[in-house]
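Chemist: kindly generate the corresponding structure for this input.
(one chain, ligands or ions: 1)
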Amino acid sequence: MIEKLNEIKKLAIEEINSCDSEAMINNAKSKYIGKKSVFSEIMAGMSSLSVDEKREVGKVSNEVRNEITDALNEKLKNIKQDELNKKLLEDKIDITLPSKKLKMGSLHPLTEVRHEIEDLFISMGYDVVDGPEVETDMYCFEMLNLPKDHPARDAQDSFYINDEMLLRTQTSSVQIRSMLANKEKKPFKLICPGKTYRRDDDDATHSHQFSQIEGLVVGENVSLSDLKGTLELFAKKMFGENREIRFRASFFPFTEPSYEVDVSCFNCDKKGCNICKGTGWIEILGCGMVHPNVLENCGFDHTKYQGFAFGVGIERVASLKYGVTNIRDYFTNDYRFLANFDRKEI
Ligand SMILES: [Zn+2]
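Modeler: I've put the predicted structure just below:
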């Protein structure tokens with residue numbers, strides 16, 4: 001019986017050593033020391049032995065079972081370690097490979113241009129002021145010398161919410177708010193950037209939504225030459241050092257006198273090209289001296305204070321700078337358009 005046990009041990013150890021998977025180990029386990037194994041059969045036959053024999057066989061059988069169990073455990077441990085090593089080798093990350101390029105967003109071209117204009121005026125001591133886009137008829141028109149039924153209102157047909165409220169047609173309403181808020185009537189310089197709305201048929205050059213930056217300076221001894229000097233600096237900063245500007249007489253109800261301002265063409269240097277439609281000049285903004293009625297409406301004594309104001313379309317400046325021919329491109333969020341504006345990769 002002892003011989004048989006040793007034989008089983010020998011066979012078991014050999015088979016265990018040849019195992020190379022967890023399933024094979026489990027098979028070997030049930031074959032040699034499981035309930036229906038040869039080992040169990042021998043144990044069952046022990047009842048016919050004498051007490052001394054039982055003791056002897058019992059001792060050997062324990063040793064054999066322990067050795068087989070140890071061999072099974074040891075082999076199983078090795079198999080698992082091998083599997084883990086193999087997996088680690090397969091999953092190895094090559095840290096020397098270049099990473100995928102991540103695309104970063106960038107500022108919208110209109111925001112870039114707005115920032116550029118803001119930076120210029122901040123450097124000249126202007127405040128940047130914000131105001132509501134839903135405005136009263138009073139601030140949007142009446143205080144700006146555009147009483148109800150004034151024919152000039154036709155040029156600024158807007159989206160009315162009710163008889164008194166509308167989406168602002170111009171950022172000039174912020175000028176009125178700022179002048180009224182300036183209770184001590186001190187001299188000031190400010191710009192107000194923001195979105196504006198006018199009822200319009202959208203096409204390549206018209207949009208019912210656009211953005212403006214308006215400037216307003218009020219003080220004593222403010223003159224038209226101050227306005228011209230300021231706008232000249234603006235034109236040079238936005239379109240190049242060699243730019244010139246010219247004033248053409250115009251009409252706005254809230255300024256007197258009023259002007260349209262052209263900048264010399266940055267593309268052809270006044271020779272004439274398709275950008276300037278052959279004229280050598282490009283219209284960029286409207287401006288003028290603040291109308292005495294507007295000053296008085298806001299509590300400024302027009303015999304003591306003067307002011308100048310100007311309004312420039314941000315889309316207009318951006319389109320000239322970047323050669324954009326369709327204003328709708330700014331609002332449709334097409335990635336192919338936006339990707340042209342300095343989208344960085346890291
Ligand atoms: Zn030109």
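
Chemist: in the protein, which residue is closest to the centre?
Modeler: Centroid check for the chain by CA atoms, centre = their mean gives residue 105 as the closest residue, at 5.2 Å.

Chemist: sec struct for that residue, please.
Modeler: coil (DSSP: H, G, I helix; E, B strand; the rest coil).

Chemist: for the chain, what lies in contact range of the ion?
Modeler: Neighbours of the ion within the chain, by CB under 5 Å from the ion: 265, 267, 268, 273, 275, 276. C-beta: built from backbone N, CA, C; applies to glycine.

Chemist: of those residues, select the buried ones using a ChimeraX command.
Modeler: A single ChimeraX command selects the buried members of the residues of the chain next to the ion (16 or more other CB atoms under 10 Å):
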select :265,276
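
Chemist: quick check: which of the residues of the chain next to the ion has the minimum pLDDT.
Modeler: Least confident entry in the residues of the chain next to the ion, by pLDDT: residue 275, with 83.

Chemist: follow-up on the earlier one: just the ones of the residues of the chain next to the ion in helices?
Modeler: Among these, no member falls in helices (criterion: DSSP state H).

Chemist: now the residues of the chain next to the ion in JSON lines, with distance to residue 196?
Modeler: As requested, the residues of the chain next to the ion are arranged in JSON lines below (distance: CB to CB, whole Å):
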{"residue": "265", "distance to residue 196": "27"}
{"residue": "267", "distance to residue 196": "28"}
{"residue": "268", "distance to residue 196": "31"}
{"residue": "273", "distance to residue 196": "30"}
{"residue": "275", "distance to residue 196": "25"}
{"residue": "276", "distance to residue 196": "26"}
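
Chemist: which parts of this structure are helices?
Modeler: Using DSSP H, helices in the chain cover 2-18, 22-33, 38-44, 51-90, 109-123, 137-140, 172-181, 224-239, 292-297, 314-322, 335-338.

Chemist: dump the ones you listed to a markdown table, plus mean pLDDT.
Modeler: Shown next, in a markdown table, are the helices of the chain (pLDDT from 0 to 100):
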| stretch | mean pLDDT |
| --- | --- |
| helix 2-18 | 86 |
| helix 22-33 | 88 |
| helix 38-44 | 78 |
| helix 51-90 | 88 |
| helix 109-123 | 95 |
| helix 137-140 | 92 |
| helix 172-181 | 94 |
| helix 224-239 | 94 |
| helix 292-297 | 95 |
| helix 314-322 | 90 |
| helix 335-338 | 87 |
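
Chemist: in JSON lines: these, plus distance to residue 285 and mean neighbour count.
Modeler: Putting the helices of the chain into JSON lines (distance: least, CB to CB, whole Å; neighbours: other CB atoms under 10 Å) gives the following:
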{"stretch": "helix 2-18", "distance to residue 285": "91", "mean neighbour count": "16"}
{"stretch": "helix 22-33", "distance to residue 285": "81", "mean neighbour count": "17"}
{"stretch": "helix 38-44", "distance to residue 285": "101", "mean neighbour count": "15"}
{"stretch": "helix 51-90", "distance to residue 285": "66", "mean neighbour count": "14"}
{"stretch": "helix 109-123", "distance to residue 285": "11", "mean neighbour count": "17"}
{"stretch": "helix 137-140", "distance to residue 285": "19", "mean neighbour count": "19"}
{"stretch": "helix 172-181", "distance to residue 285": "13", "mean neighbour count": "21"}
{"stretch": "helix 224-239", "distance to residue 285": "7", "mean neighbour count": "18"}
{"stretch": "helix 292-297", "distance to residue 285": "18", "mean neighbour count": "19"}
{"stretch": "helix 314-322", "distance to residue 285": "8", "mean neighbour count": "20"}
{"stretch": "helix 335-338", "distance to residue 285": "25", "mean neighbour count": "12"}
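
Chemist: of all the ones you listed, which one is nearest residue 207?
Modeler: With CB to CB as the measure, helix 314-322 is the member of those nearest residue 207 (7.3 Å).
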